[in-house]
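S.K.: The following block contains a protein sequence and its predicted model.
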Amino acid sequence: MQDSLIPASTIKQAFYDSTEKIHVISCWVGLLLNLLWFASDYFIIPAYFFPFLILRLSVSVVTILLLLFKNLLGINIYQCMFVLVIGIAVQNAYMWSVMDLAHFEQHTFAYMVLFIGVGMLVLWEVKLSLLLIAITIISNIVFYKLNSQLTLKEFIINGGLMTLTVLLFSVFLIRSRYRLTYNEIKSRLQLKLSQDQLEAQNAVLGVKNKEITDSILYAKNIQLASIPSEENFNFCFSDSFVFFQPKDIVSGDFYWVYERDGVVFYVTADCTGHGVPGGFMTMLGLSFLEEIIAGKNIQNPAEVLNMLRDKIIKALNQTGEYGESKDGMDITICRLDKTTLELTFASANNDLYLITIGDSNSSERHLLEYKANRQPCGFYLKNDPFTTQTIQLKKGDCIYTFTDGYADQFGGPKGKKFRYKQFQELLSTIVHLDFSEQKSILSQTMENWQGSMEQVDDILVIGVKV
């Protein structure tokens with residue numbers, strides 16, 4: 001925060017407001033003490049008791065009037081205090097000038113008390129301190145010339161020099177305390193201004209954040225309307241589940257299902273990124289799949305992937321130039337013929353797991369891993385044609401397709417990835433259970449593994465039982 005943001009007049013006004021009370025009290029105490037000191041005058045130099053009393057009364061009365069009518073007169077408490085101190089200083093200068101040497105030494109203490117008290121209690125600007133020094137010295141010189149019987153040497157040695165020294169130290173103390181207090185008030189005002197600006201910015205950011213969040217929530221509704229519900233997905237199979245857990249409000253993972261004449265196409269996909277960027281890619285993917293499979297009735301999964309890749313490259317204007325985004329998706333497209341139990345699939349980067357039993361009389365199960373083409377569905381350094389794999393299934397076989405979110409989630413006692421090996425072991429352990437139970441176990445296992453760690457990616461696991 002720059003000093004110029006807070007005007008000096010504002011800082012001074014805050015200074016006056018925060019120190020006014022103590023100065024009002026000090027001023028009243030000072031003028032009352034000045035009156036009480038008349039008792040010492042009687043014992044020090046009785047012959048001047050009444051002139052000294054008149055002087056003290058004059059200084060105190062003038063100060064009282066200034067205090068009572070300072071608002072009407074347009075003066076502040078610091079000016080009232082200055083008049084009191086100057087009055088006492090001039091008053092003491094006159095008293096010194098009419099005293100003999102013995103009384104002069106005794107009265108030196110009164111002069112020093114004045115300046116010590118001023119140094120401890122008063123906070124005013126340097127110009128008033130300099131004026132105090134000047135008036136004190138001038139008044140002592142004038143009254144010394146007019147009245148004093150002391151030699152200059154006696155005057156200086158027996159009190160003048162010591163009093164001047166105390167006055168200078170008091171002025172230095174006033175200046176130091178004034179600057180410290182002034183800077184503290186300035187820092188407080190600057191901090192308050194920074195806090196106010198920060199609160200205002202936070203309020204603006206809060207409104208913008210709400211607007212953005214509302215927009216993303218609306219985008220989520222659009223995305224969910226485009227992605228089939230889990231009920232619609234499960235309707236296409238005798239037993240299945242979809243474990244879908246986006247990292248953010250909108251997801252970069254998506255699934256899709258389409259059935260015609262006893263043949264079911266279903267898709268498990270992971271777009272580049274997550275959140276809003278991934279959400280845009282899902283909408284592209286869903287739109288293109290609808291056009292290719294449902295619209296053009298393309299039956300070969302590899303051909304679907306090849307056409308999908310071409311559409312993505314064209315839609316994103318990907319040319320392979322340096323610095324260009326390599327957006328695309330890792331995707332598995334499965335085609336299941338319910339009559340022949342033949343599964344054909346093609347996949348970009350994401351493998352497929354098949355857990356099958358040995359024979360009708362055996363409970364032994366085997367997990368088979370079918371590798372995907374190691375290239376994304378999008379622009380790549382070398383875009384080879386995707387390949388289709390065919391698997392002859394039998395009743396009871398379980399097919400699992402997935403994105404990398406489950407295996408890549410960090411957690412556990414050492415904060416490491418879950419990894420695919422542990423994922424395979426988990427699936428092999430729960431495959432005999434109903435798919436609703438399998439989904440519940442997958443969810444609970446991931447929750448326990450993740451613990452307090454942040455979810456790093458969208459999670460999607462689909463299980464289908466033949």
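M.R.: That came through, no problem.
S.K.: What are the buried residues along stretch 70-85?
M.R.: By neighbour count on 16 or more other Cβ atoms under 10 Å, the buried set for stretch 70-85 is 70, 77-78, 80-85. For every residue, glycine as well, the C-beta is placed using N, CA and C.
S.K.: average pLDDT across that stretch?
M.R.: Average pLDDT, stretch 70-85: 91.
S.K.: and that stretch, how far from the chain's centre?
M.R.: Distance of stretch 70-85 from the chain centroid (Cα atoms, centre = their mean, to the nearest Å) equals 46 Å.
S.K.: So what touches that stretch?
M.R.: Taking contacts as Cβ atoms under 8 Å, 6 or more residues apart in numbering, the residues outside stretch 70-85 that touch it are 16, 20, 23-24, 26-27, 30-31, 34, 59-60, 62-63, 66-67, 114, 118, 122-125, 128, 131-132.
S.K.: Mark which of the residues you listed are buried, thanks.
M.R.: If you count burial by 16+ other Cβ under 10 Å, the buried members of the contacts of stretch 70-85 come out as 23, 26-27, 30-31, 34, 59-60, 63, 66-67, 114, 118, 122-125, 128, 132.
S.K.: What about the residues you listed, which are in helices?
M.R.: Judged by DSSP state H, helices contain the following of the buried ones among the contacts of stretch 70-85: 23, 26-27, 30-31, 34, 59-60, 63, 66-67, 114, 118, 128, 132.
S.K.: which residues touch L284?
M.R.: Taking Cβ under 8 Å, 6+ apart, one finds 311-312, 315 in contact with L284.
S.K.: Mind jotting down where the strands sit in the stretch 351-466 of the chain?
M.R.: For the stretch 351-466 of the chain, applying DSSP state E, counting those that start in this stretch gives strands covering 352-357, 365-370, 377-378, 389-392, 398-402, 410-411, 416-417, 459-465.
S.K.: so what secondary structure elements neighbour the lengthiest helix in the chain?
M.R.: Looking only at the chain and at elements set by DSSP H, the helix with the highest residue count is helix 161-226. Helix 161-226 is packed against helix 8-36, helix 101-121, helix 126-147, helix 275-289, with contacts defined by 3 or more Cβ pairs under 8 Å, 6 or more residues apart in numbering; DSSP states H and E.
S.K.: State the mean pLDDT of that helix.
M.R.: On average, helix 161-226 scores 87.
S.K.: ok, now stretch 278-287?
M.R.: Averaged across stretch 278-287, pLDDT comes to 87.
S.K.: For stretch 10-19, which residues meet the burial criterion?
M.R.: Buried residues in stretch 10-19, counting neighbours by 16+ other Cβ under 10 Å, are found at 11, 14-15, 19.
S.K.: Please apply the same query to stretch 256-265.
M.R.: Buried-residue list, stretch 256-265, by 16+ other Cβ under 10 Å: 256-258, 263-265.
S.K.: What distance do you get for W37 to I88?
M.R.: 9 Å (Cβ to Cβ, to the nearest Å).
S.K.: Quickly note the distance from the closest residue to H366 other than its chain neighbours to A407.
M.R.: Once flanking residues are discounted, H366 sits nearest to T356: 5.8 Å by Cβ to Cβ, 6 or more residues apart in numbering. Here the criterion is Cβ to Cβ. By it, T356 lies 21 Å from A407.
S.K.: tell me the centre residue of this structure?
M.R.: By Cα atoms, centre = their mean, the chain has its centre lying nearest to N202, at 9.2 Å.
S.K.: For G378, give me its contacts.
M.R.: With Cβ under 8 Å, 6+ apart, G378 has these contacts: 272, 309, 312-313, 316, 318, 326-329.
S.K.: Go through the residues you listed and flag which are in helices.
M.R.: Among the contacts of G378, DSSP H puts 309, 312-313 in helices.
S.K.: For W37, grab the count of nearby residues.
M.R.: Neighbourhood size, W37 [other Cβ atoms under 10 Å]: 19.
S.K.: wait, it sits on V59?
M.R.: No: using Cβ atoms under 8 Å, W37 is not in contact with V59; the gap is 11.1 Å.
S.K.: what's near enough to touch V59?
M.R.: For V59, the contact set (Cβ under 8 Å, 6+ apart) comprises 31, 34, 84, 87-88, 91.
S.K.: Go again with 10 Å.
M.R.: Residues counted as contacts of V59 (Cβ atoms under 10 Å, 6 or more residues apart in numbering) are 30-31, 34-35, 83-91.
S.K.: in the helix or strand of the chain with the lowest mean pLDDT, what's buried?
M.R.: The helix or strand of the chain with the lowest confidence, counting by mean pLDDT, DSSP states H and E, is helix 38-44 at a mean of 79. Across helix 38-44, burial judged by 16+ other Cβ under 10 Å covers 38, 41, 44.
S.K.: tell me the contacts of the second one?
M.R.: This means D41. 48-53, 55-56, 95, 103, 107, 110.
S.K.: can you rerun that using 8 Å?
M.R.: 48-49, 52-53, 95.
S.K.: and if you look at the first one?
M.R.: Contact criterion Cβ under 8 Å, 6+ apart gives 49, 52-53, 56 as the residues in contact with F38.
S.K.: sorry, back to before: between the helices and strands packed on helix 161-226, which one is closest to S443.
M.R.: Closest approach to S443 among these (Cβ to Cβ): helix 275-289, 21.1 Å.
S.K.: buried stuff in that closest one?
M.R.: Within helix 275-289, the residues scored as buried using 16+ other Cβ under 10 Å are 275, 278-286, 288-289.
S.K.: ok, those vs N383, which is closest?
M.R.: Of those, the one sitting nearest to N383 (Cβ to Cβ) turns out to be F288, at 16.3 Å.
S.K.: Do I have it right that the closest one meets L308?
M.R.: Yes: with contact defined as Cβ under 8 Å, F288 counts as touching L308 (5.3 Å).
S.K.: need the buried residues of stretch 256-265 in JSON lines with distance to S452, can you?
M.R.: Listed next are the buried residues of stretch 256-265 as JSON lines, based on distance: Cβ to Cβ, whole Å:
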{"residue": "W256", "distance to S452": "33"}
{"residue": "V257", "distance to S452": "35"}
{"residue": "Y258", "distance to S452": "40"}
{"residue": "V263", "distance to S452": "45"}
{"residue": "V264", "distance to S452": "40"}
{"residue": "F265", "distance to S452": "39"}
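S.K.: quick check, nearest of the ones in helices among the buried ones among the contacts of stretch 70-85 to K338?
M.R.: Proximity of these to K338 (Cβ to Cβ) peaks at H23, which lies at 94.7 Å.
S.K.: Leaving aside the residues adjacent along the chain, what's closest to the closest one?
M.R.: Leaving aside its sequence neighbours, H23 sits nearest to I77 (Cβ to Cβ, 6+ apart; 4.5 Å).
S.K.: got the contact list for G463?
M.R.: With contacts defined as Cβ under 8 Å, 6+ apart, G463 is in contact with 240-241, 243, 398-400, 435, 438-439.
S.K.: what's the closest of the residues you listed to V456?
M.R.: Nearest to V456 among those, counting by Cβ to Cβ, is F243 at 16.5 Å.
S.K.: got the contact list for the closest one?
M.R.: Neighbouring residues of F243 by Cβ under 8 Å, 6+ apart: 439, 442-443, 459-463.
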